[in-house]
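Colleague: Starting from these lines, generate the structure:
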Amino acid sequence: MRTHYCGELSAALVDRVVTLAGWAHRRRDHGGVIFIDLRDREGLAQVVCDPERAQAFQAAERVRSEFVLRVTGKVRRRPEGSVNPELRSGEVEVLAQELEILNPAVPPPFQLDDENLNENTRLEHRVIDLRREPMQRNLRLRYRVAMAVRSYLDEHGFIDIETPMLTRSTPEGARDYLVPSRVHPGEFFALPQSPQLFKQLLMVAGFDRYYQIVKCFRDEDLRADRQPEFTQIDVETSFLDEREIQELMEGLIREVFRDVLGVELPAPFPRLSYAEAMARYGSDKPDLRIALELTELTELMKSAEFKVFRQAADLPGGRVAALKVSAELTRKEIDDYGSFVANYGAKGLAYIKVNPDGLQSPIVKFLQKETLDQILSRTAAKPGDLIFFGADKAKVVNDALGALRVRLGHDKGLVEQGWRPLWVLDFPMFQWDEEAKRWSAMHHPFTSPKDGHEDLVATDPGRALAKGYDMVLNGWELGGGSVRIHRAEVQAKVFRALGISEEEARAKFGFLLDNLQYGAPPHGGIAFGLDRLVAMMAGADSIRDVIAFPKTQRAQDLLVHAPGPVDEKQLRELGLRLREKPKS
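Modeller: Residues are numbered from 1 along each chain as shown. Predicted structure coming up:
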């Protein structure tokens, strides 16, 4: 039905007869001559309809926005002064000889070039939203990223193997989406939170380099970088150690950026231990484009006269830290930042302004001169700087000052341009769950302890480190992975540390434990968030802008109105009955 895409027209086609097909993006009647901007996936082409060609002109008079058209005509150069350098086809236009309306359209719910659209309106009319140039560009970018990933992994000996979508409910950190079984009443499948257990079984089966670009499902609270269903680049390997896996996956991301964006990422990526990242940046996914760092003051404050700092320093697991910023801040800004860190559990935000004639702060009078001198020395503060303090449990200080560091960086123009990747390594095996009063896995219960830390799993879980690693880019976690446990006795130790009994382990993970006995090789891998990677590369604010049919932050699909009710017959077939909603 066509010979060329609209966006492919160029001066090389002048005097050629072409046939185009697409949507009427814009129609302009210039007093006897009608111009139509015809749009397809490759861009726009200007079509000119004049009265000398009666059929085309009469059809053009009936054309409205988003009509589907087929146009045959001769390519000619645009008149001098009317070239559009913003368009790939901007040097030329098509003089229509024939114009066919393939399908009329009702007026669309919004103009496609409207840049102030409400997101719910966009999601409700997603099909129309997807016609917009930014969305077309984003989904084409997603395709190119996926193809670059497949090409690299294929070249390095990986094979794509599908794993089940209907599987067993296992504890992996978030709530499962459950699917009731009609054949087995009262029993349920779960949609996979990840292919974690199956990819480990594939390693036991001898497929030593597996990958999959796969849907995963988690019933968790949503935000801009989360969806109930999301896409992972899932990778697993056998007979590679931590460093070898990291180098292989670093090569993958470097190749994707080179092929798709023409960007060269550093080689090798810098590496930070989890402990160092938390100490310097208050975050396990630090944005290295922001040069601000935390300064450790805990030991210094154990002898301070200021009660707030001293009590935090003496607290088991307490921390006192400073964040110096070389920027002018008003008192209102300081107060606003105090409100900001309160969102992270901080009870206040102490500060010291370093003025040319001395220090200005409500807390200066509570600190000895020697202590103040040490603060200035350790933070390298100079006149014009401002020092913020955090004093509380380490988690509160890290969360509050880590978030403040990023906020200050963006507010004060301290974010460097470009891409700053890194590896964060040596994660703790476990974290203490205050609510449950027990240890939980930092990554998942199948992560291997560091060599020499196997005994700590049983004797001192808080000190045990894992062979876990995250790839971070510009403050976003791109992917996380680990070397897995391949020996049954080590897996049993980890289960005991997590308070999982032998009976519970058998019930939940028996199929994995049984197969680990049949000569499981050393293995490990990683999973990258494809949606997040593409969103970053596209400069999108939300992963919803790089997913064709996403859910809202309330986990709803406004296009198809899901989730929705089902009829009583379907429920009876599944052996289910809904509880009555409480009366308001």
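Colleague: CA only for contacts and neighbour counts going forward, please
Modeller: Will do.
Colleague: Just give me the neighbour total for Asn398.
Modeller: 27 (other C-alpha atoms under 10 Å).
Colleague: mind listing what's buried in the strand or helix carrying it?
Modeller: Asn398 belongs to helix 394-411 when assigned by DSSP states H and E. Under the neighbour-count criterion of 16 or more other C-alpha atoms under 10 Å, helix 394-411 has 394-406, 408-409 buried.
Colleague: Kindly report the same for stretch 538-551.
Modeller: Ala538, Ser542, Ile543, Arg544, Asp545, Val546, Ile547, Ala548, Phe549, Pro550, Lys551.
Colleague: quick one: buried residues of stretch 198-212?
Modeller: So, applying 16+ other C-alpha under 10 Å, buried residues of stretch 198-212: Lys199, Gln200, Leu201, Leu202, Met203, Val204, Phe207, Asp208, Arg209, Tyr210, Tyr211, Gln212.
Colleague: Same list (those) but as a markdown table, adding pLDDT and distance to Asp336.
Modeller: Shown next, in a markdown table, are the buried residues of stretch 198-212 (pLDDT from 0 to 100; distance: C-alpha to C-alpha, whole Å):
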| residue | pLDDT | distance to Asp336 |
| --- | --- | --- |
| Lys199 | 96 | 47 |
| Gln200 | 95 | 48 |
| Leu201 | 96 | 52 |
| Leu202 | 97 | 52 |
| Met203 | 97 | 52 |
| Val204 | 96 | 55 |
| Phe207 | 97 | 55 |
| Asp208 | 95 | 53 |
| Arg209 | 98 | 51 |
| Tyr210 | 98 | 49 |
| Tyr211 | 98 | 46 |
| Gln212 | 98 | 45 |
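Colleague: which two in these are spaced the farthest apart?
Modeller: Using C-alpha to C-alpha, the buried residues of stretch 198-212 reach their maximum pairwise distance at Val204 and Gln212, which is 17.0 Å.
Colleague: Could I get the buried residues of stretch 538-551 in JSON lines, plus columns for pLDDT, secondary structure and distance to Met147?
Modeller: Output for the buried residues of stretch 538-551, formatted as JSON lines (pLDDT from 0 to 100; DSSP: H, G, I helix; E, B strand; the rest coil; distance: C-alpha to C-alpha, whole Å):
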{"residue": "Ala538", "pLDDT": "97", "secondary structure": "helix", "distance to Met147": "16"}
{"residue": "Ser542", "pLDDT": "92", "secondary structure": "coil", "distance to Met147": "22"}
{"residue": "Ile543", "pLDDT": "95", "secondary structure": "helix", "distance to Met147": "19"}
{"residue": "Arg544", "pLDDT": "95", "secondary structure": "helix", "distance to Met147": "20"}
{"residue": "Asp545", "pLDDT": "96", "secondary structure": "helix", "distance to Met147": "19"}
{"residue": "Val546", "pLDDT": "97", "secondary structure": "helix", "distance to Met147": "15"}
{"residue": "Ile547", "pLDDT": "97", "secondary structure": "coil", "distance to Met147": "16"}
{"residue": "Ala548", "pLDDT": "97", "secondary structure": "coil", "distance to Met147": "17"}
{"residue": "Phe549", "pLDDT": "97", "secondary structure": "coil", "distance to Met147": "20"}
{"residue": "Pro550", "pLDDT": "96", "secondary structure": "coil", "distance to Met147": "21"}
{"residue": "Lys551", "pLDDT": "94", "secondary structure": "coil", "distance to Met147": "25"}
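Colleague: give me the beta-bridge partners of Asp40?
Modeller: Gly43 (DSSP bridges).
Colleague: circling back: Serialize the buried residues of stretch 198-212 to a markdown table and add fields for secondary structure and distance to Leu99.
Modeller: Putting the buried residues of stretch 198-212 into a markdown table (DSSP: H, G, I helix; E, B strand; the rest coil; distance: C-alpha to C-alpha, whole Å) gives the following:
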| residue | secondary structure | distance to Leu99 |
| --- | --- | --- |
| Lys199 | helix | 55 |
| Gln200 | helix | 58 |
| Leu201 | helix | 59 |
| Leu202 | helix | 57 |
| Met203 | helix | 59 |
| Val204 | helix | 62 |
| Phe207 | coil | 56 |
| Asp208 | coil | 57 |
| Arg209 | strand | 54 |
| Tyr210 | strand | 51 |
| Tyr211 | strand | 48 |
| Gln212 | strand | 46 |
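Colleague: Give me the pLDDT for Glu220.
Modeller: Per-residue pLDDT puts Glu220 at 83.
Colleague: Over to Glu504?
Modeller: For Glu504, the predicted pLDDT is 88.
Colleague: What is the helix or strand where Asp37 lies packed up against?
Modeller: Assigned by DSSP H and E, Asp37 belongs to strand 34-40. If you count contacts as 3 or more C-alpha pairs under 8 Å, 6 or more residues apart in numbering; DSSP states H and E, strand 34-40 packs onto strand 17-29, strand 43-49, helix 54-62.
Colleague: Give the residue spans of the stretch 101-250 of the chain that score low on pLDDT.
Modeller: Residues of the stretch 101-250 of the chain meeting the criterion pLDDT under 70: 171-173, 222-224.
Colleague: May I ask which helix or strand encompasses the nearest residue to Val256 once chain neighbours are set aside?
Modeller: If the residues on either side of it in the chain are set aside, Val256 comes closest to Ala148, at 5.6 Å by C-alpha to C-alpha, 6 or more residues apart in numbering. Secondary structure assigned from DSSP H and E places Ala148 in helix 133-155.
Colleague: Can you list the strands that whichever helix or strand comes after that helix pairs with?
Modeller: Following helix 133-155 in sequence order, the next helix or strand is strand 159-160 (DSSP H and E). Strand 159-160 sits in its sheet next to strand 209-217 (parallel), going by DSSP bridges.
Colleague: Let me know the angle separating the partner strand from helix 133-155.
Modeller: Using axes from the mean of the first three to the mean of the last three C-alpha atoms, to 10 degrees, one finds that strand 209-217 and helix 133-155 are set 150 degrees apart in direction.
Colleague: can you state the direction angle for the following helix or strand past strand 209-217 and helix 133-155?
Modeller: Going down the chain from strand 209-217, the next helix or strand is strand 229-238, by DSSP H and E. Interaxial angle, strand 229-238 versus helix 133-155 (the same axes, to 10 degrees): 20 degrees.
Colleague: between the helices and strands packed on strand 34-40, which one is nearest to Gly481?
Modeller: Nearest to Gly481 among the helices and strands packed on strand 34-40 is strand 43-49; the distance by C-alpha to C-alpha comes to 40.0 Å.
Colleague: any weak-confidence spans in this protein?
Modeller: 171-173, 222-224, 584.
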